[in-house]
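*Asks:* Need a 3D model of the following:
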Amino acid sequence: MGKTRIAKKVEKLEKEADQLRKKAEKKGKDLQSKASDRIDELNDEISGKSKKRSKTGVFAALLAAGAAVAAVVMKKKRDQELDEALWEEPRSI
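*Replies:* Modelled structure (predicted):
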């Protein structure tokens, strides 16, 4: 009789272990799908930011080009003013 009691306890523990294993597998699958979804979201964010960065880069390049053109124009104007000033007030030798 001792063996049957132990056998019943073992069967009960095996059933509980199977139920826990099934719960763990289900939870693992749920977490894996959530992680996969989150990875997809993050990849979408990254690709969206890279597109945004490229627009920002183009804007920055245009702004830099505009600043360079403005600097060249201002330098030419300054040179012209210096030339005019030299012609108006000649130095004596």
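
*Asks:* When you work out contacts or count neighbours from here on, use the C-alpha atoms and nothing else.
*Replies:* OK.

*Asks:* ranges for the helices of the chain?
*Replies:* Ranges of helices in the chain, per DSSP state H, are 2-88.

*Asks:* where are the low-confidence patches of it?
*Replies:* 1-2, 49-54, 89-93 (pLDDT under 70).

*Asks:* For the residue sitting nearest the centre point of it, give me its contacts.
*Replies:* The centroid of the chain falls nearest to residue 46 when counting by Cα atoms, centre = their mean (4.2 Å). Residue 46 is in contact with no residue at all, counting by Cα atoms under 8 Å, 6 or more residues apart in numbering.

*Asks:* now it: how far from residue 22?
*Replies:* 36 Å (Cα to Cα, to the nearest Å).

*Asks:* ditto for residue 74
*Replies:* 77 Å.

*Asks:* Could you do residue 81 as well?
*Replies:* 87 Å.

*Asks:* same deal with residue 64?
*Replies:* Distance, residue 64 to residue 22, using Cα to Cα: 62 Å.

*Asks:* Also residue 16?
*Replies:* For residue 16, the distance to residue 22 equals 10 Å [Cα to Cα].

*Asks:* now do residue 48
*Replies:* 39 Å.

*Asks:* just residue 88 next, same as before
*Replies:* Per Cα to Cα, residue 88 is found 98 Å from residue 22.

*Asks:* In terms of neighbours, single out the busier of these two.
*Replies:* residue 22 (12 against 9; other Cα atoms under 10 Å).

*Asks:* residue contacts, the more buried one?
*Replies:* Not one residue lies near residue 22 by Cα under 8 Å, 6+ apart.

*Asks:* ok, now with 10 Å
*Replies:* 16, 28 (Cα atoms under 10 Å, 6 or more residues apart in numbering).

*Asks:* Could you check how far it is from residue 56?
*Replies:* From residue 22 across to residue 56, the span is 51 Å (Cα to Cα).
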